[in-house]
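> how would this look folded up:
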Amino acid sequence: MESVIYGHRMALQTKIGMKAAHAYAPTTDTEGTPIINTTGDDNGEGFKRIKVEDILKLKRRYDLMDIPQDKRYLVLDPRHTEDLILYDLKAFKDITDFVNGVPKRFAGFNILEFTKNPVYNATNTTKRTFGAVSDPNNDTFCSFSFSSNEVMKADGTMKMYANENDPELRGTIIGFDKRFIAMPIRNKGVGAIVSTKV
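The predicted structure is shown next:
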């Protein structure tokens, strides 16, 4: 029973992370919501690799908005982390390590990593709706960024309901309730680096 409950709790936590990541990533490229395209070589899967220069372009856009450097976060897709390690192993092998619980920094960004970042349309570089049906011909992946001053989240408690020893189903029925919301406050200081198709 405990392992089943744990599995459900972890599934809810993953879904919450996915919803927050999708909400924080910009929908389109604007002055306050920069979207940068990757410019590297083919990664062998038909996408251009991320380069340090791409992160620096994003940094410049944040600089122009006067976003405080200590509040900037870049959440890398693992494929982008791999690109950066291949780009310069010595410089980036520890990019997602934590020192005393604090992420390392690069180009003014606190660096994090998440495996379920939002999906973008590769043709027009717009964010796909949450839960949209996969389109392998047009979908691409991203790393996204945000300023902690420009986003919000409300994370409610998780409640479990249980009907133990149900006579009709001859088992225990459980269900969970979780309230959560995350979003940009004013559509400023959120950005993305989207992998361009070759």
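> going forward, measure contacts between C-alpha atoms and count neighbours the same way
OK.
> after the helix ranked longest in the chain, next one along is what?
Across the chain, the longest stretch assigned as helix under DSSP state H is helix 2-24. Once the chain leaves helix 2-24, the next helix or strand it forms, by DSSP states H and E, is strand 35-37.
> next secondary structure after that next one?
helix 52-64.
> pLDDT of that next one, averaged?
For helix 52-64, mean pLDDT rounds to 93.
> can you give the contact residues for that helix?
With CA atoms under 8 Å, 6 or more residues apart in numbering as the test, helix 52-64 has contacts from 34-39, 84, 107-108, 189, 191-193.
> repeat the analysis, applying 7 Å as the threshold.
Helix 52-64 is touched from outside by 34, 36, 38, 107, 189, with contacts defined as CA atoms under 7 Å, 6 or more residues apart in numbering.
> now which of these would you call buried?
If you count burial by 16 or more other CA atoms under 10 Å, the buried members of the contacts of helix 52-64 come out as 34, 36, 38, 189.
> let me know the closest of those to P68.
G189 (9.8 Å; CA to CA).
> follow-up on the earlier one: with distance to Y73 and pLDDT as extra columns, can I get the buried ones among the contacts of helix 52-64 in CSV?
Below are the buried ones among the contacts of helix 52-64 laid out as CSV (distance: CA to CA, whole Å; pLDDT from 0 to 100):
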residue, distance to Y73, pLDDT
P34, 14, 95
I36, 15, 95
T38, 18, 94
G189, 10, 93
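> pull the most distant pair out of the residues you listed.
T38 and G189 (19.3 Å).
> buried ones in the longest helix of the chain, by neighbour count?
Result for helix 2-24 [16+ other CA under 10 Å]: buried residues 9, 12, 16-24.
> which among those residues gets closest to K153?
A20 (7.9 Å).
> separation between the closest one and T125?
Note on A20: its distance to T125, by CA to CA, to the nearest Å, is 19 Å.
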